[in-house]
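1. Here is a sequence with its predicted model. Questions after.
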Amino acid sequence: MLGRFGACLAAMSSLLVVATLPSTAAAQDDPQPQGLGHYTINLTPEEVTGGGDHGATGSARVDLDAAHQKVCYALSWKDLHGEVTMSHIHLAPRGKDGPHPIDFFNDQHFPGAGSTASGCSTSTRDKIQAVIDHPADYYVIIHTTAFTEGAIRGQLG
């Protein structure tokens, strides 16, 4: 009887030790594997150069995959004036404007009062990898009919 009990106790102890070991993914030093980038960004009017749609808020989830030339996004916003018409990733540091090397969507019409948009678009490996390598140099912006230059914005890094 004691032999079975001891064997069970030893087996349970082994399981507890294995369960408390850190996973390989958690132990990695590099949080962004080569070619992949995952970002959650707060979008605010204060980030828009020249001012944006004050009182509006939003957020963006951006997942980049350079190997598959894929950019996926999930955007949400509320209290925007006008209709949401476009959203992109632009190249410029905080406080500056720049070109948009990656489009999420153009010429759409979503309610500005509150809505969401999600999907995937494509871009070149080089453009996607540049965002992954230097996220602080890029921002997400949402444009509306009332704020054609940008209503809310947030830097990736």
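-> On my side now, so go ahead.
2. ok, which stretches of this structure are strands?
-> Per DSSP state E, the chain carries strands over the ranges 36-43, 57-65, 70-78, 83-91, 102-105, 110-111, 114-122, 138-144, 152-155.
3. winner for burial among those strands?
-> strand 138-144 (a mean of 26; mean count of other C-beta atoms under 10 Å). C-betas here are computed from N, CA, C, even on glycine.
4. which helices and strands does that strand pack with?
-> strand 36-43, strand 57-65, strand 70-78, strand 83-91, strand 152-155 (3 or more C-beta pairs under 8 Å, 6 or more residues apart in numbering; DSSP states H and E).
5. who wins for proximity to residue 121 among those strands?
-> For residue 121, the closest of those is strand 70-78, at 5.2 Å, according to C-beta to C-beta.
6. for this protein, what are the low-confidence residue spans?
-> Applying pLDDT under 70 to the chain flags residues 1-33.
7. swap the cut-off to 50 and go again
-> 1-31 (pLDDT under 50).
8. in the sheet, who's paired with the nearest residue to residue 110 once chain neighbours are set aside?
-> Nearest non-adjacent residue to residue 110, counting by C-beta to C-beta, 6 or more residues apart in numbering: residue 84, 4.1 Å away. Counting by DSSP bridges, residue 84 is bridged to residue 110, residue 144.
9. can I assume residue 84 is in contact with residue 113?
-> No. Counting by C-beta atoms under 8 Å, residue 84 sits too far from residue 113 to count as a contact (10.0 Å).
10. ok, back up a step: distance to residue 134 added to the helices and strands packed on strand 138-144, as TSV?
-> Formatted as TSV, the helices and strands packed on strand 138-144 follow (distance: least, C-beta to C-beta, whole Å):
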stretch	distance to residue 134
strand 36-43	10
strand 57-65	12
strand 70-78	16
strand 83-91	9
strand 152-155	11
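11. Which residues are in contact with residue 66?
-> The neighbours of residue 66, taking C-beta atoms under 8 Å, 6 or more residues apart in numbering as the test, are 35, 36, 125, 128, 129, 132.
12. Top of these by number of neighbours, please.
-> Greatest neighbour count in the contacts of residue 66, by other C-beta atoms under 10 Å, goes to residue 128: 25 neighbours.
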